[in-house]
Each structure stands twice: as C-alpha cells, then as structure tokens.
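Participant: Predicted model, plus sequence, below.
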Amino acid sequence: MSWDFKAAGKCETSDAPLNVNPVDTMLVATETITLGAAKANRYSSVIDFIPVDKDGKQLPFVVISNTGATNTSGSASDQLYGSFSRSTGFVQVKNTLRDCNLADDTAQGTSFRSIDAAVKPRRIDPSYVGQYPYYKVRILQAAVESSGMTVGLAVIVGHTK
C-alpha cells in the first residue's frame, strides 16, 4: 500500500486554453485500503506531502474518501491522525473526518460521517485541526467485511511556486 501520485491541472480538456488550466497546479495522490474479514484499524500510508506557503503555514488540502462509493457491510467512517514522527506517535486529530474547518465542522450532523456507499470530499484546514508533518487517514469499520472489499482514498493539494 502506497500513494500513487499524479500532477493535475494541465490542459486536460481538449481545446481548453492553456491559461485556463496552468500546468501542474495540483497534486493528486490516490491509494486503496483493503478492509478485511475482521474489524480492525485500517490506516492509509503516511501523508507527508502537504506543502506550506511562504510563511510556513500548511495549505488546506482535500481528502476524498471511498472514491469508488464501495458499499460496505455496515457503516464505515474516516478519521484523521497526525504525528511528529513518520513511524510512531500518531494521534487522532479528528474522530469524524467531516469538512475540517470551523464553519462546516460545527454545522454537519452525524450522518455526514458515514462513507458507506458514498464518495465523501473532506476539506482539511490545518490552521483549524493543527499542523503536522505527517498525517494518516483511518478507515473505521462498524462491521466485518469480505477480505476483497476495498475503499479508495484521494488527497488533493495545491502547489506553491
């Protein structure tokens, strides 16, 4: 399991003017997590590629959970973890990964947490949840799954020049 990276924002639509979509303005990282026949903690690979602006503040980023809208056996949710170290010390930053900025986080109901059979975009604002050099996304299962069941993740970040 590891992130697959792709630059995005090029002139990907035929005949679109180049100045509409400047070359390589965003990075899209994708990964698939296999759920399993037992309820367990399932984590993404380390997310260590969130850029900072000229003042050292991390840019907001987007996590899209369950990119294939997988229908799981029970509800599943996504959570955000952060750490000072690549290999240890990960702590829960958000126990329900909703849109992680103050206005949206306080306004969403509990049903927003489920990623079962739904693609869920989550905007993460590090100035709200805290800046960490390393993040992970955890998929929390509420029921056992077949060992072949997978949930896709995508992380989208902008580049600084």
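Facilitator: Sure, I can see it. As the structure is a computational prediction, the values presented were derived from the model and not from experiment.

Participant: does Ser127 sit in a helix, a strand or a coil?
Facilitator: With DSSP: H, G, I helix; E, B strand; the rest coil as the basis, Ser127 sits in helix.

Participant: so how many other residues sit close to it?
Facilitator: 12 (other C-beta atoms under 10 Å). C-beta coordinates here come from the backbone N, C-alpha and C atoms, glycine included.

Participant: ok, the nearest residue to it once chain neighbours are set aside to Tyr81 distance?
Facilitator: Excluding its sequence neighbours, the residue lying closest to Ser127 (C-beta to C-beta, 6 or more residues apart in numbering) is Lys57, at 6.6 Å. Per C-beta to C-beta, to the nearest Å, Lys57 is found 20 Å from Tyr81.

Participant: These two: who's more crowded?
Facilitator: Tyr81 (22 against 11).

Participant: so the more buried one bridges to which residues?
Facilitator: Gln92, Lys136 (DSSP bridges).

Participant: quick one: contacts for it?
Facilitator: 43, 90-93, 135-138 (C-beta atoms under 8 Å, 6 or more residues apart in numbering).

Participant: how far does the strand or helix carrying Asp78 sit from the chain's center?
Facilitator: According to DSSP states H and E, Asp78 maps onto strand 76-83. On the basis of C-alpha atoms, centre = their mean, to the nearest Å, strand 76-83 sits 9 Å off its chain's mean C-alpha point.

Participant: Next: stretch 122-139.
Facilitator: 9 Å.

Participant: again with stretch 140-148
Facilitator: 19 Å.

Participant: buried stuff in it?
Facilitator: For stretch 140-148, a neighbour-count test (16 or more other C-beta atoms under 10 Å) marks 140-141, 144-145 as buried.

Participant: And for stretch 36-52?
Facilitator: For stretch 36-52, by 16+ other C-beta under 10 Å, it's 42, 44, 46-47, 50.

Participant: correct me, but Phe90 touches Leu80?
Facilitator: No - counting by C-beta atoms under 8 Å, Phe90 sits too far from Leu80 to count as a contact (10.0 Å).

Participant: between the two, what contacts are shared?
Facilitator: With C-beta under 8 Å, 6+ apart as the test, Phe90 and Leu80 both reach Lys136.

Participant: Looking at these two now, which is surrounded by more residues?
Facilitator: A direct count of neighbours by other C-beta under 10 Å for Phe90 and Leu80 places Leu80 higher, at 22 against 19.

Participant: any idea how far that one lies from Tyr128?
Facilitator: Leu80 is 11 Å from Tyr128, by C-beta to C-beta.
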